[in-house]
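In: Task: produce atomic coordinates for the following.
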Amino acid sequence: MEQLSTFRCEPFPTYPRTYDMVHAQGLLSVETDQQRRCTILDLFTEIDRLLRPEGWVIIHDKASLIESARALTTGLKWDARVVEIESNSDEKLLICQKPFFKKQAN
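Out: Next comes the predicted model:
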């Protein structure tokens, strides 16, 4: 699979709905430590385009960035949960599944 760390706020050179799973470690940290080439929303919008319906996203990163990303998943209508890696660690996992159909707002 191609490396998402090379993402430069341009669409990945691939067809939409190509992947069943995207796994990234430290991607959010790289983007916030750099010159903010992309926002977290930019990243998740592109991941949403790449994923097939019912595809999975697993992101391993700093807890504060994972919590920010988790808030965005609500807007994308993804099912998401945050998992602690270790009880005293500053890192967490964000595990999301893109739904087959977008849920209707209440």
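In: On the pLDDT front, check the residue nearest the centre of the chain for me.
Out: Against the mean C-alpha coordinate of the chain, by C-alpha atoms, centre = their mean, the closest residue is Phe44 at 4.9 Å. What the model reports for Phe44 is a pLDDT of 91.
In: Please name the strands paired to the lengthiest strand in the chain in the sheet, noting orientation.
Out: Here the longest strand in the chain is taken by residue count, with DSSP state E as the criterion, and it is strand 51-62. Sheet pairing for strand 51-62, assigned by DSSP bridges, gives strand 19-25 (parallel), strand 91-97 (antiparallel).
In: Alpha carbons of the last one, as CSV, please.
Out: C-alpha atoms of strand 91-97 as CSV (Å, rounded to 0.1, in the frame of the first residue of the first chain):
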residue,chain,number,x,y,z
GLU,A,91,-0.7,7.5,22.7
LYS,A,92,-4.0,6.0,21.7
LEU,A,93,-5.6,4.2,18.8
LEU,A,94,-8.5,5.5,16.8
ILE,A,95,-10.4,2.7,15.1
CYS,A,96,-13.1,3.7,12.7
GLN,A,97,-15.4,2.0,10.2
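In: ok, and for it, which residues are buried?
Out: Residues of strand 91-97 classed as buried under the neighbour-count rule (16 or more other C-beta atoms under 10 Å) are Glu91, Lys92, Leu94, Cys96, Gln97. For glycine as for every other residue, the C-beta is placed from the backbone atoms N, C-alpha and C.
In: Apart from its neighbours in sequence, what residue is nearest Cys9?
Out: In space, not counting the residues next to it along the chain, Cys9 is nearest to Cys38; the distance is 4.3 Å by C-beta to C-beta, 6 or more residues apart in numbering.
In: and the one you found, what pLDDT?
Out: Reported pLDDT at Cys38 in the predicted model: 78.
In: got the contact list for Leu41?
Out: With contacts defined as C-beta atoms under 8 Å, 6 or more residues apart in numbering, Leu41 is in contact with Leu72.
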